[in-house]
Each structure stands twice: as C-alpha cells, then as structure tokens.
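Engineer: no sequence on this one, just coordinates:
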C-alpha cells in the first residue's frame, strides 16, 4: 500500500470513536494489500481494548510486507500475556 493510502486509512480509522467501527475499516482496506510492520503497529495502537488489539495483530500478520519486523507490533500490546498470544499465533502460522 502506498504511503499516502496508508495515511488516508489511518486518518479514516482515527475518526472512528469505537473499536467496533475501526476493525472492519482496517480489514476491508487491507484485504488485498500489504503494509509495513511499523504501520501495523500504528493501526493496532489505535484500538482501545487489548482483546481487539490481539485480534487485529493476528489479522495483520498476513498483511505485513516485512514480517521480519513484525516484532515491532508487539509494542502496541499492553500486556505480556497478549504478546505471548500473538507470538504463539505467529509460530503456529509457520507450522
């Protein structure tokens, strides 16, 4: 996804007041696109609840162009248990 498209998507997501509104917008826009790990971290950070952050991080893993940098997304998660859950998902994805 081009940088301006990512910026536009981020702005659209930021205008939404609730996680339940943000998640479908992100999923729809990225259905056939890829973003950087840093952009994925920014999108995950827009969410209020960690359960939603976990869900989005798992979804975004397959949409990150530079998966070797996916560890950066973990910075957007609030709890060590949340990080472990996403790490386990990533590991299981490669099995």
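Structural biologist: Perfect, thanks for sending it. Bear in mind the structure is a predicted one, so any value in this text is a computation, not a measurement.
Engineer: C-alpha from now on. contacts and neighbour counts both.
Structural biologist: Fine.
Engineer: same for whichever helix in the chain runs longest, what does it pack against?
Structural biologist: Scanning the chain for the longest helix, with DSSP state H as the assignment, gives helix 80-93. Helix 80-93 is packed against helix 50-61, with contacts defined by 3 or more CA pairs under 8 Å, 6 or more residues apart in numbering; DSSP states H and E.
Engineer: what comes into contact with the helix it packs on?
Structural biologist: The contact list for helix 50-61, computed with CA atoms under 8 Å, 6 or more residues apart in numbering, reads 19, 23, 27, 40, 44-45, 47, 67, 70, 73, 76-79, 82-83, 85-86, 89-90.
Engineer: For the buried ones among those residues, write the corresponding PyMOL selection.
Structural biologist: Buried residues among the contacts of helix 50-61 (16 or more other CA atoms under 10 Å), as a PyMOL selection:
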select buried, resi 23+40+44+45+47+70+73+76+77+82+83+86+90
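Engineer: Name the spans of the chain whose pLDDT lies under the cut-off.
Structural biologist: 95 (pLDDT under 70).
Engineer: Please report how far residue 90 lies from residue 27.
Structural biologist: Per CA to CA, to the nearest Å, residue 90 is found 18 Å from residue 27.
Engineer: What of residue 67?
Structural biologist: 18 Å.
Engineer: correct me, but residue 46 touches residue 14?
Structural biologist: Yes - here residue 46 reaches residue 14: they are 7.0 Å apart, a contact under CA atoms under 8 Å.
Engineer: Neighbour count: the two, which is higher?
Structural biologist: Between residue 46 and residue 14, residue 46 has the larger neighbour count (other CA atoms under 10 Å), namely 18 against 14.
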